[in-house]
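Asks: Mind looking at a prediction? Sequence and model below.
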Amino acid sequence: MPGTHLEMDLKALDVFACPECGAELRVARREEGGSQNGKIKEGQLRCTQCPATFPILRSMPRFVSSDEYAASLGYQWNQFDKLQLDKFMRNDLSRERFYATTGWPEHLEGQRVLEAGCGMGRFTQIALETGAEVFSFDLSSAIEANFKNNTDAAKVHIFQASIYKIPLRREAFDKIFCMGVLQHCPNVKQAFMSLIPFLRRGGEIAADVYQRHEGVPPLKYWARPFARRMQPQTLHTVLRWTIPPLFELKKALYKIPVAGEAIAALIPIGPLSHKPKLDYTDEELKEVKILSALDMLSPAHDHPQRIEDVRAWFEEAGLEGIQIKLGFNGINAKGKKPISPPEHHSRPNH
Ligand SMILES: C[S@@+](CC[C@H](N)C(=O)[O-])C[C@H]1O[C@@H](n2cnc3c(N)ncnc32)[C@H](O)[C@@H]1O
Ligand SMILES: [Zn+2]
């Protein structure tokens, strides 16, 4: 059926590849009545070379059978599926961070962009607004939230996969970005390196990662050994019970002359207002703080990095025009894959 969305999806299939052997995939089974919004809703992909098969569930291909270590982040993004979404919150928070990190133009029509670790899709929204065709994946059930948030866009392909085994054709992307993800992977350097083969020559990659500081670790690293072992639902309940009263207490303390402000500063829940930049109500701000505490305390992995190490990975990956600076989320880094492969000069033997 030329011209339908279904055909568009099948065209996108050319960009996918078997994560086991790299061969092409084809649709092996499509459930009766399993098409919705012109997309295959339930079915199966099959490798054309090896025995691997991959289910399509709720319109998204699945290349992993579970959330693995990222289940708490899946829970988090399905619970807080709108709170950081610019189009829902009517602010520019994600947009600002996207452009500060990538430095890319606002129009990317005709380009193919890959987003690794999309969460609930705050940056998917921004990437789609450039006019690019966006492939967006996450290891966790967070993709369900991204699907709800961004599936009305024609050029989005959301799937569940791991950064360590990306089911795509090599050198198929003009741009790749990975924001807020690398520190949550068990092997951070390997996670970054896994992205490089998918960038075309002359393409650009941008990533951010938490910065590691010398000296006494921030408070969250003292609490994490206990908190990250809790079920995310339990931790969420604890935070829902404690953060709103602490917020009210902090607010009351600020009103006490002389010592009030100093005592309030001891309550580690951050500022009580982001005005004039962000005009949150108190109730929204309490939710922001619950999300931020869950995000700090529950992920199985949190491995901040040193600037010099991040630079070394970019160099080892053979990228050029490397720019590394401190930004929204710690270290912001970007680079470009050279148009021609690096030449290996053999030294004359005399
Ligand atoms: C803190 S969230 C950030 C999500 C989104 N980029 C954002 O900034 O809102 C980190 C995300 O990385 C995902 N993630 C962790 N390990 C991953 C892996 N191996 N492959 C793909 N995604 C992964 C998690 O599931 C989670 O959604
Ligand atoms: Zn295969």
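Replies: Okay, I see it. Residues are numbered from 1 along each chain as shown. Ligands and ions are numbered 1, 2, ... in the order given.
Asks: Leaving out chain neighbours, which residue sits closest to S340?
Replies: Excluding the flanking residues, the one nearest S340 by CB to CB, 6 or more residues apart in numbering is R201, at 7.2 Å. C-betas here are computed from N, CA, C, even on glycine.
Asks: got the contact list for that neighbour?
Replies: By CB atoms under 8 Å, 6 or more residues apart in numbering, the contact set of R201 is E171, K337, P338, I339, S340, P341.
Asks: could you flag which of these are buried?
Replies: Buried subset of the contacts of R201 (neighbour count, 16 or more other CB atoms under 10 Å): K337.
Asks: Could you export the contacts of R201 as TSV, including distance to ligand 2?
Replies: As requested, the contacts of R201 are exported to TSV (distance: CB to the ion, whole Å):
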residue	distance to ligand 2
E171	18
K337	25
P338	30
I339	30
S340	30
P341	26
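Asks: Among the contacts of R201, which lie within strands?
Replies: Among the contacts of R201, none falls in strands (DSSP state E).
Asks: Thought C47 was touching A28, still the case?
Replies: No: using CB atoms under 8 Å, A28 is not in contact with C47; the gap is 9.3 Å.
Asks: part of a strand, is A28?
Replies: Yes: checked against DSSP: H, G, I helix; E, B strand; the rest coil, A28 lies within a strand.
Asks: What is the neighbour count of it?
Replies: 14 (other CB atoms under 10 Å).
Asks: before we move on, what about P299?
Replies: When neighbours are defined as other CB under 10 Å, P299 has 21 of them.
Asks: Torsion angles phi and psi at it?
Replies: phi -60, psi 140 (degrees, to the nearest 10).
Asks: From here on, call the first residue 37.
Replies: Yep, numbering from 37; the last one is P335 now.
Asks: Pull the contacting residues for it.
Replies: So P335 contacts A106, S108, L109, H220, R264 (CB under 8 Å, 6+ apart).
Asks: ok, and of these, which contact ligand 1?
Replies: Taking CB under 6 Å from any ligand atom as the test, ligand 1 is in contact with A106, L109, H220 out of those.
Asks: Tell me the secondary structure at the residue nearest to S376.
Replies: Secondary structure, three-state DSSP: R237 is strand.
Asks: Roughly how far does it sit from R206?
Replies: Taking CB to CB, to the nearest Å as the measure, R237 falls 11 Å from R206.
Asks: What about the closest residue to R66 other than its chain neighbours, how many residues nearby?
Replies: Of all residues not flanking R66 in the chain, G79 sits nearest, at 4.2 Å (CB to CB, 6+ apart). Taking other CB under 10 Å as the criterion, the count of residues near G79 is 18.
Asks: next one: the one 5 residues further on
Replies: Other residues within reach of T84, judged by other CB under 10 Å, total 12.
Asks: contacting residues around it?
Replies: Contacts of T84 (CB under 8 Å, 6+ apart): C54, A59, E60, L61, R62.
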